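Asks: Quick one, fold the following:
(chains A and B)
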There are 2 protein chains.
Amino acid sequence: MRVRTVLEGAGETVAIDSGGPFVVIGERINPSGRELLAELLVKGDMSLVREEALAQSAAGAQVIDVNVSALDVDEKRILPMAVKEVAGIVDVPICIDTSHHRALAAALDVCPGRPLVNSVTGEKASLEVVLPLVKDRDCAVVGLCIDEGGIPKDSSSRLEIAKRIVGAADEHGIPVEDVVIDPLAMAVASDQHAALVTLQAIASICISLDVNTTLGGSNMSFGLPERELINRSFLAMCMAAGLTSALLNPLDVEIRRTVAAGNLLMGWDEYAMEFLQQWRSGW
Amino acid sequence: MRVRTVLEGAGETVAIDSGGPFVVIGERINPSGRELLAELLVKGDMSLVREEALAQSAAGAQVIDVNVSALDVDEKRILPMAVKEVAGIVDVPICIDTSHHRALAAALDVCPGRPLVNSVTGEKASLEVVLPLVKDRDCAVVGLCIDEGGIPKDSSSRLEIAKRIVGAADEHGIPVEDVVIDPLAMAVASDQHAALVTLQAIASICISLDVNTTLGGSNMSFGLPERELINRSFLAMCMAAGLTSALLNPLDVEIRRTVAAGNLLMGWDEYAMEFLQQWRSGW
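Replies: Numbers count the residues shown, from 1 in each chain, chains lettered A, B, ... in the order given. Prediction:
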């Protein structure tokens, strides 16, 4: 069954659609590993946030993730500020990325449209605080396949957590199409089967649950050289397994090219029109 | 169940293994679209055949495909000559690539080890002439998912043909592990769903039949720009679907890099040793 997760920005509606094409969520507004951004966020300086929002949107990101989590950043104050800032300059929907539920509530208060909340986990405490906020706001939520026991090593346990999240959402009155499952990807350098388990989890979740899926971050290649090669190969593999959105760096031209090729190969690009247009414009 | 298709060359044994890693069959000894090679083959000049065999083997091809089919080439005379030539200078197994059964019989007569016969189709006439040669020689065979009705547009009909080929092989006393199914890939430029159908066929054949799979040629990107981008993205996707070998150009560094990344991501490269070694040696 085809599932559409409808997101709304200040001026644009975007659907993550199990029938494709792939939706790129721009990942760059995230201070993890980016000292300058972290420093500016501590001061409440939104200049780089604005810059990254505009650059990613111009590069084709259909959703902009906003994450301000860093040491010394008061998320409850800074997250709504950043969300407001981004919503003020780009039309596309926002993905509010925080594990801090008060920051989430404050950000939801100022966010226009229908954002994607990133994220709820399979932990009872998380389900109980995040889902009511999602229901109250009538928006969509990313469900991470992790629970009190951590991230399971096998795909069937991740599927079980996904089922539990979908079930809990349903109990809160949130329809399945508003839950986007992130099966999580661990570093392949520390666990040889990490990527394979994620591929298997994507496939089994897509088959068993009729939900959309997403994948956050590019941690899977952590600790290895040629991370872009590994990331783009993994992206193509995930698309083949059924993934229909991901947090990616849209400024990486090879990622954009791989998404275009993937859409073409999945049958999501009639007459190769999108592929050819991007090729003609020099990607 | 893990399936191993064991091939032997003049000096090396190679197994196509459903548990990986991926086996690259060098595709370059093929006069299709290569005028110079065709001209030399007509004259019985093996210089370029030798050169391509050495170059591909040096670049990591684990099997060398030998195809001499072109206008004015007498396959029955030239194919055994080329096979003998290749077997004389590389250790790896040979894939004897012809639709001409007398040429196949003559090439099998001079080929050392345990070659891969490429190919038999689901057509009655093909099954009846090729399978006895394969059984007689105790080697392996590629089964193409095409029959009297052509190449089916849908994956389930391709699976049906694959089943028929495996069944016919069994009747001839050829075990399932010596049949490698090629689900075929058509040009995505002329059929939007061509690549997707191939991905679905790979997955369903791997799940239903316990056979190894391969894919020939790079026709899928025919008629489009950026063929290497499309081919390497498709390769990664096919690996995720279960493909464990393919006819590829091993001299294309991006193909080699994608195979290395794919092996790593499929969990077939313990401690990333192969990936790191190739990276250190500059691919």
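Asks: from here on, contacts and neighbour counts on C-alpha atoms
Replies: Fine.
Asks: burial measure for the residue lying closest to residue A:196 once chain neighbours are set aside, as a count.
Replies: Once flanking residues are discounted, residue A:196 sits nearest to residue B:266: 5.1 Å by CA to CA, 6 or more residues apart in numbering or on different chains. Residue B:266: 26 surrounding residues under other CA atoms under 10 Å in any protein chain shown.
Asks: Tell me the pLDDT of residue B:266.
Replies: As summarised for this prediction, residue B:266 has a pLDDT of 98.
Asks: Compute the distance between it and residue B:90, please.
Replies: Going from residue B:266 to residue B:90 by CA to CA, to the nearest Å gives 29 Å.
Asks: what do you get for residue A:64?
Replies: Distance, residue A:64 to residue B:90, using CA to CA: 53 Å.
Asks: who has more neighbours, these two?
Replies: residue A:64 (32 against 22).
Asks: Tell me which helix or strand that one sits in.
Replies: Residue A:64 belongs to strand A:63-66 when assigned by DSSP states H and E.
Asks: Show me what that strand packs onto, helices and strands only.
Replies: strand A:23-29, helix A:47-58, helix A:75-89, strand A:94-97 (3 or more CA pairs under 8 Å, 6 or more residues apart in numbering or on different chains; DSSP states H and E).
Asks: would you turn these into CSV with mean neighbour count and mean pLDDT?
Replies: What follows is these, written out as CSV (neighbours: other CA atoms under 10 Å in any protein chain shown; pLDDT from 0 to 100):
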stretch, mean neighbour count, mean pLDDT
strand A:23-29, 25, 98
helix A:47-58, 18, 98
helix A:75-89, 22, 98
strand A:94-97, 28, 98
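Asks: among these, which is nearest chain B?
Replies: strand A:23-29 (17.0 Å; CA to the nearest CA).
Asks: Name the residues of the following helix or strand past the closest one that are buried.
Replies: Once strand A:23-29 ends, the next helix or strand along the chain (criterion: DSSP H and E) is helix A:35-42. By neighbour count on 16 or more other CA atoms under 10 Å in any protein chain shown, the buried set for helix A:35-42 is A:37, A:38, A:39, A:40, A:41, A:42.
Asks: Grab the nearest non-local neighbour of the first one.
Replies: Using CA to CA, 6+ apart and skipping residues adjacent in sequence, the residue nearest residue A:37 is residue A:31, 5.4 Å away.
Asks: pretty sure that neighbour is touching residue A:65, no?
Replies: No: Residue A:31 is beyond contact range of residue A:65, at 11.8 Å (criterion: CA atoms under 8 Å).
Asks: neighbour count winner among these two?
Replies: residue A:65 (27 against 20).
Asks: Spatially nearest residue to that one, not counting backbone neighbours?
Replies: Spatial nearest neighbour of residue A:65, chain neighbours left out: residue A:95 (4.3 Å); criterion: CA to CA, 6+ apart.
Asks: Which positions are bridged to the one you found in the beta structure?
Replies: Note on residue A:95: beta-bridge partners residue A:65, residue A:116, judged by DSSP bridges.
Asks: residues touching it, list them.
Replies: With contacts defined as CA atoms under 8 Å, 6 or more residues apart in numbering or on different chains, residue A:95 is in contact with A:25, A:63, A:64, A:65, A:66, A:115, A:116, A:117, A:118.
Asks: Try it again at 7 Å.
Replies: Residue A:95 makes contact with A:63, A:64, A:65, A:66, A:115, A:116, A:117, A:118, according to CA atoms under 7 Å, 6 or more residues apart in numbering or on different chains.
Asks: pLDDT at residue A:217, what is it?
Replies: With respect to pLDDT, residue A:217 has a value of 66.
Asks: buried sites along stretch A:122-131?
Replies: Neighbour-count burial for stretch A:122-131 [16+ other CA under 10 Å]: A:122, A:123, A:126, A:127, A:130, A:131.
Asks: Chain B: which of these is nearest?
Replies: Of all the buried residues of stretch A:122-131, residue A:122 has the smallest distance to chain B: 26.0 Å, by CA to the nearest CA.
Asks: Ignoring the adjacent residues along the chain, who's closest to that closest one?
Replies: Residue A:122 sits nearest to residue A:147 (CA to CA, 6+ apart), 4.5 Å away.
Asks: who's the one you found bridged to?
Replies: Beta-bridge partners for residue A:147, by DSSP bridges, are residue A:150.
Asks: Quickly note the distance from the residue nearest to the spatial centre of chain A to chain B.
Replies: Taking CA atoms, centre = their mean, the centroid of chain A lies closest to residue A:247, which sits 4.3 Å from it. Per CA to the nearest CA, to the nearest Å, residue A:247 is found 19 Å from chain B.
Asks: Residue A:18 now?
Replies: Taken as CA to the nearest CA, the span from residue A:18 to chain B is 14 Å.
Asks: so that residue sits right up against residue A:1, yeah?
Replies: No: using CA atoms under 7 Å, residue A:18 is not in contact with residue A:1, being 8.3 Å away.
Asks: Those two: which is more packed in?
Replies: Higher neighbour count among residue A:18 and residue A:1: residue A:18, with 22 against 10, using other CA under 10 Å.
Asks: which residues does the more buried one contact?
Replies: A:2, A:3, A:4, A:212, A:244.
Asks: ok, the third one touching residue A:177?
Replies: Yes: checked against CA under 7 Å, the pair residue A:4 and residue A:177 is within contact range at 6.0 Å.
Asks: need the helices for the stretch 101-250 of chain A, in chain order.
Replies: For the stretch 101-250 of chain A, the helices defined by DSSP state H, counting those that start in this stretch occupy A:101-110, A:124-137, A:155-171, A:194-209, A:227-241.
Asks: And the pLDDT for residue A:10?
Replies: We note a pLDDT of 96 for residue A:10 in this prediction.
Asks: who's in contact with the residue nearest to it when sequence neighbours are not counted?
Replies: Leaving aside its chain neighbours, residue A:10 sits nearest to residue A:91 (4.9 Å; criterion: CA to CA, 6+ apart). Residues in contact with residue A:91, defined by CA under 7 Å, 6+ apart, are A:9, A:10, A:11, A:12.
Asks: and what of residue A:174?
Replies: residue A:135.
Asks: ok, it to residue A:127 distance?
Replies: For residue A:174 relative to residue A:127 (CA to CA), the value is 12 Å.
Asks: And for residue A:50?
Replies: In terms of CA to CA, residue A:50 sits 31 Å off from residue A:127.
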